[in-house]
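# Turn this into a structure:
(chains A and B, ligands or ions: 2)
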Amino acid sequence: MSGNTAEKIFAWLEERLGLEAIYATVLDRKVPKVNWWFTLGSASLFLAVMQGLTGVFLTMYYVPSPDKAYDSIQYIMNGVAFGWLIRGIHHWGASLMVIVVFIHMLRTFFYGAYKYPREITWLTGVFLLLFTLGMGFTGYLLPWNQRAFWATTVGTEIVGTVPFIGDFLLKALRGGTDISAVTLARFFSAHIWILPAGVVLMISVHMYLIIRLGISNIPSDEE
Amino acid sequence: MTKKTSSPNLSRRDFSKIVMAFLGSIMGAIVGIPIIGYIISPALKTQTVDEWVSLGALDGYPIGTPKLFSFTRTKVNGWERTTNSFGVFVLRKSGGELKVLSNVCTHLSCRVKWSDEDSAYLCPCHDAQFAIDGEVIYGPPPHPMYEYEFKVEEGNILIHLTEG
Ligand code: HEM
Ligand code: FES
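Residues are numbered from 1 along each chain as shown, chains lettered A, B, ... in the order given. Ligands and ions are numbered 1, 2, ... in the order given. Take a look at the predicted model:
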């Protein structure tokens, strides 16, 4: 009886939403016989989702202001149940994601998977790598401790060495000549709104293309 | 679930579905339970104040006129510290009777002041007046002034500060 009801509900939804078709397109895809290196894109996706999830929960207690940022993180670590876990996943996940995304890029490079018709998959991938690094760079300042402060000082100074417009770029990144409350607020904004929006957009195109084109085969000797 | 095979044994497909659902539930719980704990954790911490605050030697207070004693207490909420100031009137009566009254007006919490001239506590906000032992003489306050529980130990007055 209950199984029957569940089936009826499913049938009702299926008729209106076409769930089976979505399932078949997204998951029941034909894939060539490949190896473990081909799982790194999915691993990147998983890590991106984890970063998004833990990041959302961190904003529940984090305050992007110079006089409160450090204390709010201390509170997350010592005052909130599982705060250490949520922050730990976000902290280590960030480094892991850079590594995994990078190796994923190497794998698509060495298997020649960027070739026709997958140039745009590669192109969106380039943006994903840049955005991932950008997330790491902006996120690093947020704890507002000594290491964060000096890493951002050095990082923005490197940008300052760009010929001609370097000085302007440095000020644009910092929101002024110094690393200040303005810098913290704009890094926070970039970290939780601007870059993630770019990542979501690029992942969508990336995934659309993977579903549309299928995974490339391992190149053979004849090719 | 639709059975694709007529075999009495579990199909490979159904088996992997069950395994996936099982592992999925475990992973969901591993992630979900800490997150729920994380969200509700500040609600589970009851912040109670239960403290005896010393107001100094009883002998330091005059007989017959209320004298104000002020102190501050700091509360930590998450990453923020809030310092609240407290003011209490200590009233020693000639018969040896003692009263400790809060200087917070029972109307809308302005701070009252003792006036020798009017022989009353005056509230600056809506002109209320309280008698020397806290009764409302005039104005909008609905209750007499709040009294603190106190004790005298080794010649010192202590009041009981409670909250939560
Ligand atoms: C957030 C970062 C990224 C995510 C979530 C992601 C996700 C994925 C996924 C799930 C696949 C399916 C095949 C596989 O797993 O290997 C894939 C394929 C691919 N990715 Fe990425 N990727 C990311 C970054 C990059 C980067 C940085 C590049 C290169 C610059 C890149 C280039 C490609 C290419 C060319 C393919 C097609 C491979 C093929 O068809 O064999 N991706 N990506
Ligand atoms: S607050 Fe004291 S009279 Fe209104």
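# Please list the residues of chain A that sit near ligand 1.
Counting by CB under 6 Å from any ligand atom, the residues of chain A lying close to ligand 1 are A:38-42, A:44-45, A:48, A:101, A:104-105, A:108, A:113-114, A:118, A:121-122, A:125-126, A:128-129, A:132, A:203, A:206, A:210, A:215-216. (C-beta placed from N, C-alpha, C; glycine too.)
# among those residues, which ones are buried?
Of the members of the residues of chain A next to ligand 1, the ones counted as buried by neighbours, 16 or more other CB atoms under 10 Å in any protein chain shown, are A:38, A:40-41, A:44-45, A:48, A:101, A:104-105, A:108, A:113-114, A:118, A:121-122, A:125, A:128-129, A:132, A:203, A:206, A:210, A:215-216.
# Report the entries of those that also contact ligand 2.
Of the entries in those, not a single one is placed beside ligand 2 under the rule of CB under 6 Å from any ligand atom.
# So which of those sit within helices?
If you go by DSSP state H, those have A:40-41, A:44-45, A:48, A:101, A:104-105, A:108, A:121-122, A:125, A:128-129, A:132, A:203, A:206, A:210 in helices.
# Can you report how many residues lie near B:Ile39?
Other residues within reach of B:Ile39 by the criterion other CB atoms under 10 Å in any protein chain shown amount to 15.
# same thing with B:Ile159?
Burial of B:Ile159, expressed as a neighbour count using other CB under 10 Å, amounts to 21.
# Now do stretch B:150-164: everything it contacts.
For stretch B:150-164, contacts defined as CB atoms under 8 Å, 6 or more residues apart in numbering or on different chains pick out B:46-59, B:61, B:73, B:86, B:88, B:90, B:98, B:100, B:148-149.
# Report the buried residues of it.
Counting neighbours by 16+ other CB under 10 Å, stretch B:150-164 gives B:Phe150, B:Ile157, B:Leu158, B:Ile159, B:Leu161 as buried.
# How far off centre is it?
The offset between the C-alpha centroid of stretch B:150-164 and the centroid of the whole chain comes to 17 Å, using CA atoms, centre = their mean, to the nearest Å.
# go on, stretch B:128-143?
The chain centroid and the centroid of stretch B:128-143 are separated by 24 Å, computed with CA atoms, centre = their mean.
# distance between the ends of that stretch?
The first residue of stretch B:128-143 is 11 Å away from its last residue (CA to CA, to the nearest Å).
# That one and ligand 2, are they touching?
Yes: for stretch B:128-143 and ligand 2, the contact criterion (CB under 6 Å from any ligand atom) is met by B:Ala128, B:Gly139, B:Pro140, B:Pro141.
# Please report how far the last one lies from A:Ile120.
Translated: B:Pro141. Taking CB to CB, to the nearest Å as the criterion, B:Pro141 is separated from A:Ile120 by 74 Å.
# quick one, domains of the chain?
Just so you know, I chose chain A. Each structural domain of chain A that the record assigns through automatic domain parsing is listed here as a residue range: A:1-30, A:35-213.
# that answer is for a different chain, and I need it for chain B
Taking automatic domain parsing as the reference, chain B has its domains at B:11-44, B:50-162.
# Cool, thanks, signing off.
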